[in-house]
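J.: model this:
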Amino acid sequence: MRIIIFFSVILSIVGCTSATQNSVSSNSSTQYLTVLHTNDNHGRFWHNEKGEYGMAARKTLIDSLRNEAQKQGHAVLLLSGGDINTGIPESDLQKAEPDFKGMSLIGYDAMALGNHEFDNPIDVLKQQQKWVNFPFLSANIFEKSTGEHAFDSYKIFKKNGLTIAVIGLTTTDTAKIGNPQYIGHLEFKDPVEITAKLAQKIKAQYNPDITIALTHMGHYVDAQFGINAPGDVTLARSLPAHTLDMIIGGHSQEPVCMAGKNISDENFKPGLACKPDQQNGTYIMQAHEWGKYVGKAEFKLENGKLTLLDYRLIPVNLYVDKVQTDGSTKEVLANEYIKPDPKLESFLAVYQAKGAKQIEGKIGNIDARLEGDRNKVRYQQTNLARVIIQAQMDVVGADFGLISGGGIRSSIEAGEVSYKDILKVHPFKNRITYMDWQGSDLWDYLNTVTSFPPDAGAYLQYHKLSFERKNNQLVNVMINDQPLDKNKTYRMSLNSYNASGGDGYPALTDLKGFVSTDETDAQALQDFISKNSPLKTAEFTPK
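T.: Have a look, this model is predicted:
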């Protein structure tokens, strides 16, 4: 593939006609702001196998967008919707150090705390704060012991004569989906109530020209958030009109592109136009995930009125399928190639090499794909879930086992399996636990965990267990093809996250019959595939 030097194609990316590309108005009451944004990095500091995304190419793009905006007389803010942690072993094994330090070198101004910022002990998060030169924001996280804010609530920026307030917010679901061992000392309060009060306080003290909520709460079309905590649409609708000028978000990991009022643009692809959501006078934006895009919003502030002039999701070396003249499809770049910034690429390469060395080597083979994609494990039973559960059952000699779908983070492709593949599935270092249940108590537990609906991290994956639910009640429970006997004792395997109450599962850690081992979920899966290689996936196909 011919590499095209990025600066020769700036016009194709940032130079398209928009209202701000004309000369800057001489009217002193007219000011301009460009907001650049990303979210849900999840350890993708390095590009993938095809050369897509990666923080070095992102820096080249952002530097050019920032320089172009500043030449036009714009104030510029670069914001992140959070979830920098967890997703790629090379990052996870280094506590996301390359990701956070890379963000500082790119020049981020602020970041919302995401739920995955709490995947590690709190001292790791404190270390990550020391690695950066920008604030981690969340106004709705409080210390239970003191009632005080646990993190900075907001940041005031003064740029080009503009006063801009940025308020951070974190999904209240963190209390449910975060590791209870790491967040037990924190309280996650209602973001609507917190924002309403804080916005008034900021207005009285600073009288900002523009107020932004930088959130990690999710965009749910027409506020249809289901089992999830309410997200950005609910926030915008619940506040007085124009309390927030815009919401820059994350968490639901989607490109927020609308086809109409409260209708998502299902046809959006890299390189196409994107219209952000707007609710109650507030623009809502999100840039999918992994640094695949940089969101770019150009605003004009004139006589106190803020107008969105142009919005784009700019792909970072993403490929799309293009139909050829013979009717076949071929993968082509959605935009001209963005050359990675050489200094940042060299900086990150040291971490990539170090991480790769820790996970090199093959552990076994599988004869077909093990399905762990997010849009499968949160909706239906999968073969990978059953392999995972069988591996954990073997560790503790369990009769059956469970895991929440949200705890499975990646698929494993057919062929050779590496330790990296295992760590992509299991990045959290959860320990294997078991519970010896009296049958009658087990029934009550199952009545709760089998009720979690699809489209949620809590969705139950299970093995050597079957059941039905009728009229919202549990019936016909079978363990190893035998009816559950309420007078019998059964051993159930479970990871430490769900056993501690993660994803809203009943906490078991203080119950008689609960035991936690030192074996991790990753180690259990690695050993199982190694011992049973080549693994025949058909044996784990859900019936």
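J.: Helix, strand or coil: sort out the closest residue to Pro542 other than its chain neighbours for me.
T.: Distance criterion C-beta to C-beta, 6 or more residues apart in numbering; nearest residue to Pro542, sequence neighbours excluded, is Gln381 at 3.8 Å. Glycine gets a C-beta too; all of them are placed from N, C-alpha and C. Judged by DSSP: H, G, I helix; E, B strand; the rest coil, the three-state class of Gln381 is coil.
J.: do you know how far Gln381 is from Asp521?
T.: 18 Å (C-beta to C-beta, to the nearest Å).
J.: of the two, who's got more company?
T.: Counted by other C-beta atoms under 10 Å, Gln381 and Asp521 do not tie: Asp521 has more neighbours, with 26 against 19.
J.: wouldn't that one be in contact with Ile432 here?
T.: Yes: counting by C-beta atoms under 8 Å, Asp521 touches Ile432, with 6.4 Å between them.
J.: hey, where'd the helices end up in the stretch 201-350 of the chain?
T.: If DSSP state H, counting those that start in this stretch is used as the criterion, the helices of the stretch 201-350 of the chain fall at 232-238, 342-358.
J.: Can you redo those as a markdown table, where the extra columns are mean neighbour count and distance to Lys300?
T.: Output for those, formatted as a markdown table (neighbours: other C-beta atoms under 10 Å; distance: least, C-beta to C-beta, whole Å):
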| stretch | mean neighbour count | distance to Lys300 |
| --- | --- | --- |
| helix 232-238 | 23 | 21 |
| helix 342-358 | 16 | 32 |
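J.: Wasn't Gln196 part of a strand?
T.: Small correction: residue 196 is Ala, not Gln. No: per three-state DSSP, Ala196 lies outside any strand segment and is helix.
J.: contacting residues for it?
T.: By C-beta atoms under 8 Å, 6 or more residues apart in numbering, the contact list for Ala196 reads Leu239, Pro240, Thr243.
J.: Then Asp518?
T.: Arg431.
J.: Tell me the buried residues in the host helix or strand of it?
T.: Per DSSP states H and E: Asp518 is located in strand 514-520. Residues Phe514, Ser516, Glu519, Thr520 are the ones in strand 514-520 that count as buried (16 or more other C-beta atoms under 10 Å).
J.: Just the closest of the residues you listed to Ala391, please.
T.: Glu519 (9.7 Å; C-beta to C-beta).
J.: Isn't that closest one up against Arg431?
T.: Yes: using C-beta under 8 Å, Glu519 is in contact with Arg431, at 6.5 Å.
J.: Regarding the residue lying closest to Leu137 once chain neighbours are set aside, what is its secondary structure?
T.: Distance criterion C-beta to C-beta, 6+ apart; nearest residue to Leu137, sequence neighbours excluded, is Gly168 at 2.4 Å. What three-state DSSP gives for Gly168 is strand.
J.: so who does Gly168 touch?
T.: By C-beta under 8 Å, 6+ apart, the neighbours of Gly168 are 110-113, 135-139, 151-154, 213-215.
J.: ok, it to Ile194 distance?
T.: 10 Å.
J.: list the residues that contact both of these two?
T.: Common neighbours of Gly168 and Ile194 (C-beta under 8 Å, 6+ apart) are Ala139.
J.: so how far is Pro230 from Thr238?
T.: Careful, residue 238 is Ser and not Thr. From Ser238 to Pro230 the distance is 8 Å (C-beta to C-beta).
J.: shared neighbours of those two, anything?
T.: Shared contacts of Ser238 and Pro230, defined by C-beta under 8 Å, 6+ apart, comprise Val192.
J.: residue ranges with poor pLDDT in the stretch 151-300 of the chain?
T.: The model of the stretch 151-300 of the chain has no residue with pLDDT under 70.
J.: Please apply the same query to the chain.
T.: 1-28.
J.: most remote residue from this structure's center?
T.: Residue farthest from the centre of the chain, counting by C-alpha atoms, centre = their mean, is Asn487 at 43.2 Å.
J.: Distance of Ala199 relative to Pro208?
T.: From Ala199 to Pro208 the distance is 9 Å (C-beta to C-beta).
J.: cool, and Thr171?
T.: 24 Å.
J.: okay, the two: which has more neighbours?
T.: Thr171 (29 against 20).
J.: May I ask you to confirm that Lys464 is in contact with Met478?
T.: No: using C-beta under 8 Å, Lys464 is not in contact with Met478, being 9.1 Å away.
J.: These two: which is more packed in?
T.: Between Lys464 and Met478, Lys464 has the larger neighbour count (other C-beta under 10 Å), namely 18 against 14.
J.: Spatially nearest residue to the more buried one (excluding sequence neighbours)?
T.: Lys464's closest residue in space is Phe400 (C-beta to C-beta, 6+ apart), at 3.9 Å.
J.: okay, now Ser411: neighbour count?
T.: Quick note: Ser411 (other C-beta under 10 Å) scores 19 neighbours.
J.: ok, it - contacts?
T.: Arg369, Leu370, Glu371, Gly372, Asp373, Leu384, Val425.
J.: Could you tell me which of these belong to helices?
T.: The helices, defined by DSSP state H, take in Leu384, Val425 from the contacts of Ser411.
J.: Which of the contacts of Ser411 has the largest number of neighbours?
T.: Leu370 (26 neighbours).
J.: can you tell me how far that one sits from Gly102?
T.: 31 Å.
J.: Equivalent analysis for Glu143, please.
T.: In terms of C-beta to C-beta, Glu143 sits 30 Å off from Gly102.
J.: Spatially nearest residue to Lys300, not counting backbone neighbours?
T.: Per C-beta to C-beta, 6+ apart, closest to Lys300 is Thr307, 4.9 Å.
J.: Now do stretch 235-245: everything it contacts.
T.: So stretch 235-245 is contacted by 167, 169, 191-192, 195-196, 199, 210-213, 215, 217, 223, 247, 279-284, 299, 306 (C-beta under 8 Å, 6+ apart).
J.: Got a PyMOL select line for the buried ones in the residues you listed?
T.: To isolate the buried members of the contacts of stretch 235-245 in PyMOL, using 16+ other C-beta under 10 Å:
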select buried, resi 167+169+191+192+195+199+210+211+212+213+215+217+223+247+279+280+282+283+284+299+306
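J.: So which of the contacts of stretch 235-245 sit within strands?
T.: The strands, defined by DSSP state E, take in 167, 169, 210-213, 215, 247, 279, 282-284, 299, 306 from the contacts of stretch 235-245.
J.: would you list the helices of the stretch 201-350 of the chain in TSV and tack on distance to Lys322?
T.: Below are the helices of the stretch 201-350 of the chain laid out as TSV (distance: least, C-beta to C-beta, whole Å):
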stretch	distance to Lys322
helix 232-238	33
helix 342-358	28
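J.: quick one, which of the ones you listed is nearest to Val449?
T.: Nearest to Val449 among the helices of the stretch 201-350 of the chain is helix 232-238 (26.8 Å), distances taken as C-beta to C-beta.
J.: Put the alpha carbons of that closest one into PDB.
T.: Written as PDB, here are the backbone C-alpha positions of helix 232-238 (Å, rounded to 0.1, in the frame of the first residue of the first chain):
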ATOM      1  CA  ASP A 232     -26.900  11.200  28.100                       C
ATOM      2  CA  VAL A 233     -30.300  11.600  26.500                       C
ATOM      3  CA  THR A 234     -32.000  11.400  29.900                       C
ATOM      4  CA  LEU A 235     -29.500  13.800  31.400                       C
ATOM      5  CA  ALA A 236     -30.200  16.400  28.600                       C
ATOM      6  CA  ARG A 237     -34.000  16.000  28.900                       C
ATOM      7  CA  SER A 238     -34.000  16.100  32.700                       C
END
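J.: going forward can the numbers begin at 716, since that is how I track them
T.: From this message on, residue numbering opens at 716, which makes the last subject helix 947-953.
J.: where does that helix sit relative to the chain's centre, distance-wise?
T.: Put simply, helix 947-953 sits 20 Å off its chain's centre (C-alpha atoms, centre = their mean, to the nearest Å).
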